[in-house]
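Enquirer: okay, sequence plus prediction incoming.
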Amino acid sequence: MNQPIESLVHHLEGFVPLAHRCEKIGTVGGELVINDSKSTNVDATLRALESQDKPCLLMLGGQAKEESFLPVG
């Protein structure tokens, strides 16, 4: 698709991110809180962490899927 970038701007301005995927939901003590409950495996969690532009506190939960969490630590 060979269209000038300018023709795509209105689409990008109206972009709505998917719910629960690196979704900014508020602040606690001045720190941003992000919901990424769509990260349901270790690899998805690692990709979500890599997308953050500053250090963050990670809180995990849910059912283990017989995979190692060592790469997250």
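Expert: Now that the structure is in, tell me what you want to look at.
Enquirer: contacting residues for residue 41?
Expert: 65, 67 (C-beta atoms under 8 Å, 6 or more residues apart in numbering). (Each C-beta comes from the backbone N, C-alpha and C, glycine too.)
Enquirer: helices of the protein, start to end?
Expert: 9-13, 42-50 (DSSP state H).
Enquirer: ranking these by burial, who's on top?
Expert: Comparing the helices of the chain on average neighbours per residue, with mean count of other C-beta atoms under 10 Å, the densest one is helix 42-50 at a mean of 14.
Enquirer: wait, isn't residue 62 in contact with residue 39?
Expert: No: taking contacts as C-beta atoms under 8 Å, residue 62 lies outside contact range of residue 39: 9.6 Å.
Enquirer: neighbour count: those two, which is higher?
Expert: Using other C-beta atoms under 10 Å as the criterion, residue 62 and residue 39 rank with residue 39 on top: 20 against 9.
Enquirer: what about the protein, any weak spots by pLDDT?
Expert: 1 (pLDDT under 70).
Enquirer: re earlier: need the helices of the chain in CSV (columns: distance to residue 31).
Expert: As requested, those are exported to CSV (distance: least, C-beta to C-beta, whole Å):
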stretch, distance to residue 31
helix 9-13, 28
helix 42-50, 15
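Enquirer: figure out which of these is closest to residue 22.
Expert: For those, distance to residue 22 was read as C-beta to C-beta. The smallest value, 5.7 Å, belongs to helix 42-50.
Enquirer: what is the closest one packed up against?
Expert: If you count contacts as 3 or more C-beta pairs under 8 Å, 6 or more residues apart in numbering; DSSP states H and E, helix 42-50 packs onto no helix or strand.
Enquirer: closest to the centroid, which residue in the protein?
Expert: Closest residue to the average C-alpha location of the chain: residue 22 at 2.7 Å, with C-alpha atoms, centre = their mean.
Enquirer: what residues are up against the closest residue to that one other than its chain neighbours?
Expert: Of all residues beyond its chain neighbours, the one nearest residue 22 is residue 36 (5.1 Å), with distances taken as C-beta to C-beta, 6 or more residues apart in numbering. Contacts of residue 36 were listed using C-beta under 8 Å, 6+ apart, and they are 20-23, 45, 48.
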